[in-house]
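quick one, what's the 3D model for this:
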Amino acid sequence: MRRLMLALLTGAYLCLALIVSLFLWRTGATPTVGVSAFIGTLGLCFAFHGLIAQALMGAALRVDIDTIREAHAILLDQIEKVDARVTDLVDTVAADAQRRSEELSTEVHQLEDLIQQMNDRLEHQLTHQVAAASARTSGRERAPHASHMLQVVQDALAENRVDLYLQPIVSLPQRRTVFYESFSRLRDETGRVMMPAEYLAVAEGEGLMTAIDNLLLFRCVQIVRRLAKQDRKVGIFCNISLASLGDESFFPQFLEFMQGNKDLAGAVIFELGQAAFDRRGPVEARHMARLASLGFSFSLDKVNDLDVDFQDLARADVKFLKVGAQMMLDQLEEQDGKLVIASLPDLNASDFAALTRRYGVEVIVEKVEAEKQVAEILDLDIGYGQGHLFGEPRAIRDAVLAEADPPADFIRAPMRRRAVGW
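This is a model prediction of the structure:
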């Protein structure tokens with residue numbers, strides 16, 4: 001179509017040039033003038049044609065550019081809408097994941113509280129039953145249930161059915177494992193793992209805690225040495241009972257063993273509850289001091305009161321204070337525009353960890369279950385955390401546990417001494 005139009009226009013231009021040339025020839029002009037007029041007219045026609053075509057092409061190009069710009073604007077608008085939808089979707093997914101995580105953490109926390117309540121109730125019932133049985137019997141007679149549980153505990157110790165569990169303690173905010181806490185769990189003849197609430201009352205009443213502490217200590221020392229061979233510089237918190245610290249016949253052997261392993265003083269930390277620490281008498285305090293003289297330090301767990309005598313802790317070589325995460329966060333309240341601890345209203349909450357460090361005591365927040373708790377803990381400048389969020393207690397493999405089995409006399413000696421006293 002464009003070629004046909006160009007041919008027609010060319011013909012029209014030729015005709016116009018001929019008409020001008022003939023007009024001049026009829027008016028008496030020479031042939032040369034007529035030819036020049038023909039060529040000039042034809043050139044002018046093509047020049048005007050080029051100018052008009054260029055103008056039309058420019059107009060068409062501007063229309064195309066405007067169309068492209070409009071399409072680009074529409075595309076950008078659609079991209080922004082898609083991006084906004086994707087952002088909303090990501091926020092929705094993240095919020096849903098956070099909500100589910102918090103719900104799961106809440107359920108886990110509620111389950112742990114329920115289990116703890118059940119354990120406390122069971123321990124109370126066992127204690128009550130043992131006390132009632134002691135009141136009804138004389139000499140060595142015991143209630144059938146207490147006697148059976150005592151036999152189960154004795155058999156578990158004699159047959160080495162005592163498992164070692166380790167739970168990591170991490171530095172914050174790096175979450176690098178720097179310590180482990182050790183737990184001992186007894187198994188009955190069927191292989192069922194018994195919770196401490198089932199046997200503690202009987203074990204403490206019959207003086208068997210020294211045997212359990214002996215076994216736990218021996219295994220902790222062997223595990224620390226095994227980790228040292230792997231160039232892993234970590235420490236282990238080893239629970240020790242107030243009964244073991246106050247046992248005059250048991251403690252010399254205990255101290256002798258620690259004397260032979262005093263090179264591990266920085267890696268083995270003895271742990272006892274805050275209530276037990278507050279109940280310690282002169283004998284227990286003296287024995288703690290003898291362990292401290294070898295370089296060993298102590299930790300307090302089950303802390304339920306943050307208004308602590310830090311000078312007393314420093315004198316007793318207590319280097320760590322374990323506080324439950326939820327208990328710590330529940331203690332926070334705002335007063336006069338600043339965040340404080342309810343039991344220490346004159347102290348900014350963020351200064352609590354700095355206060356303990358001035359006495360050489362590091363705070364470890366335990367039972368950490370949710371990321372939200374970690375964020376609030378970091379605001380308090382607390383350096384260590386422990387809980388299922390960082391790792392659950394795991395049983396040591398049988399092969400490793402076999403390497404850490406103590407000599408038979410190491411466990412049976414406290415049991416024999418107790419038997420002689422019966």
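
hey, where'd the helices end up in the stretch 51-200 of the chain?
144-158, 196-205 (DSSP state H, counting those that start in this stretch).

now, of those, which is deepest in the fold?
helix 196-205 (a mean of 20; mean count of other Cβ atoms under 10 Å). C-beta here means a position set from N, CA and C on the backbone, and glycine is covered the same way.

immediately after that helix, which helix or strand?
Heading C-terminal from helix 196-205, the first helix or strand you meet, by DSSP states H and E, is helix 209-229.

check which residues of that following helix are buried.
Across helix 209-229, burial judged by 16 or more other Cβ atoms under 10 Å covers 209-224, 227.

and stretch 367-382, by the same measure?
K367, V368, E369, A370, Q373, V374, E376, I377, L380, I382.

got a list of what the first one touches?
With Cβ atoms under 8 Å, 6 or more residues apart in numbering as the criterion, the residues that contact K367 are E112, G324, A325, Q326, Q386, G387, H388.

mind doing that once more with 6 Å?
By Cβ atoms under 6 Å, 6 or more residues apart in numbering, K367 lies in contact with G324, A325, G387.

before we move on, the earlier item: among the helices of the stretch 51-200 of the chain, which is nearest T190?
Nearest to T190, of all the helices of the stretch 51-200 of the chain, is helix 144-158, at 10.1 Å by Cβ to Cβ.

and the closest one with helix 209-229, angle?
Between helix 144-158 and helix 209-229, the angle comes out at 30 degrees (axes from the mean of the first three to the mean of the last three Cα atoms, to 10 degrees).

what average pLDDT does stretch 336-350 get?
Throughout stretch 336-350, pLDDT has a mean value of 88.

with stretch 259-270 instead?
For stretch 259-270, the mean per-residue pLDDT is 90.

next: stretch 57-66.
Here stretch 57-66 scores 86 as its mean pLDDT.

output that stretch as CSV, nothing but the C-alphas.
Provided in CSV are the C-alpha atoms of stretch 57-66 (Å, rounded to 0.1, in the frame of the first residue of the first chain):
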residue,chain,number,x,y,z
MET,A,57,7.0,9.7,11.1
GLY,A,58,8.0,11.8,14.1
ALA,A,59,4.4,12.1,15.2
ALA,A,60,3.9,8.4,14.9
LEU,A,61,7.1,7.8,16.9
ARG,A,62,6.0,10.1,19.7
VAL,A,63,2.7,8.2,19.8
ASP,A,64,4.6,4.9,20.1
ILE,A,65,6.8,6.3,22.8
ASP,A,66,3.8,7.6,24.8
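
rewinding a little: next, format the buried residues of stretch 367-382 as JSON lines and append pLDDT.
Below are the buried residues of stretch 367-382 laid out as JSON lines (pLDDT from 0 to 100):
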{"residue": "K367", "pLDDT": "93"}
{"residue": "V368", "pLDDT": "94"}
{"residue": "E369", "pLDDT": "91"}
{"residue": "A370", "pLDDT": "90"}
{"residue": "Q373", "pLDDT": "91"}
{"residue": "V374", "pLDDT": "92"}
{"residue": "E376", "pLDDT": "89"}
{"residue": "I377", "pLDDT": "91"}
{"residue": "L380", "pLDDT": "91"}
{"residue": "I382", "pLDDT": "94"}
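
now, the most widely separated pair of those?
Farthest-apart pair in the buried residues of stretch 367-382 is E369 and L380; separation 16.8 Å (Cβ to Cβ).

I79 and H72, how far apart?
10 Å (Cβ to Cβ, to the nearest Å).

still on that earlier bit, now render the helices of the stretch 51-200 of the chain as CSV, adding mean pLDDT and distance to K338.
CSV is the format used below for these (pLDDT from 0 to 100; distance: least, Cβ to Cβ, whole Å):
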stretch, mean pLDDT, distance to K338
helix 144-158, 74, 51
helix 196-205, 74, 40
